[in-house]
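Asks: need a structure here:
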Amino acid sequence: MNIEEEPVLAISIAARLLGCHEQTLRAYERAGLLRPARSGGNTRLYSQRDIEQGQRVQQLTQMGINLAGVQMIFQMIDQMNAMREEMERQIEQVRQEAEAEIAAATRRARTSRSRKAGR
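Replies: Numbering: from 1, shown residues only. Model (predicted):
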């Protein structure tokens, strides 16, 4: 786990960093927009990544988008990222297949030339 993912900030500190009330963070969590870690005593602990996610939520809500809309936007972003990753995987697979075909064609051409030279 890197430092950005380390859950170390209490809800009061996270709220102060975001300039909002603790209840706002709880509402974000209820909407599924934030997923803070929990301590052994069930205390919410926020990471730097959670703070950044909270900032994205705030930017969108300040534009007039409600929390359900923000959730839909985040889901679409996740879907687009998954599609991009799948596309990159497929592109790499096609690239490897093309390289294999080129190598096979090169071998065939060399074999054909050497047979003709041997006649």
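Asks: which stretch of helix or strand covers residue 103?
Replies: Residue 103 belongs to helix 67-118 when assigned by DSSP states H and E.
Asks: that helix packs against which elements?
Replies: Here helix 67-118 touches helix 48-62, going by 3 or more CB pairs under 8 Å, 6 or more residues apart in numbering; DSSP states H and E. In this view, the C-beta of every residue, glycine as well, is placed from N, C-alpha and C.
Asks: tell me which residues in the helix it packs on are buried?
Replies: Buried positions in helix 48-62, judged by neighbour count with 16 or more other CB atoms under 10 Å: 48, 49, 50, 51, 53, 54, 57, 58, 60, 61.
Asks: how much space between the fourth one and residue 76?
Replies: Okay, so that is residue 51. Between residue 51 and residue 76 the distance is 22 Å, computed by CB to CB, to the nearest Å.
Asks: three-state assignment of residue 42?
Replies: With DSSP: H, G, I helix; E, B strand; the rest coil as the basis, residue 42 sits in coil.
Asks: need the pLDDT of it.
Replies: Residue 42 is assigned a pLDDT of 91 by the prediction.
Asks: phi, psi of it?
Replies: Main-chain dihedrals, residue 42, degrees, to the nearest 10: phi 70, psi 20.
Asks: how much space separates it from residue 36?
Replies: 11 Å.
Asks: which one of these two has more residues nearby?
Replies: Set residue 42 next to residue 36 and count neighbours by other CB atoms under 10 Å: residue 36 wins out with 22 against 6.
Asks: dump the residue contacts of the closest residue to that one other than its chain neighbours.
Replies: Take residue 36 and drop its neighbours on the chain: the residue closest to it by CB to CB, 6 or more residues apart in numbering is residue 44, 4.2 Å away. Listed by CB atoms under 8 Å, 6 or more residues apart in numbering, the contact partners of residue 44 are 10, 11, 14, 25, 29, 36, 37, 38.
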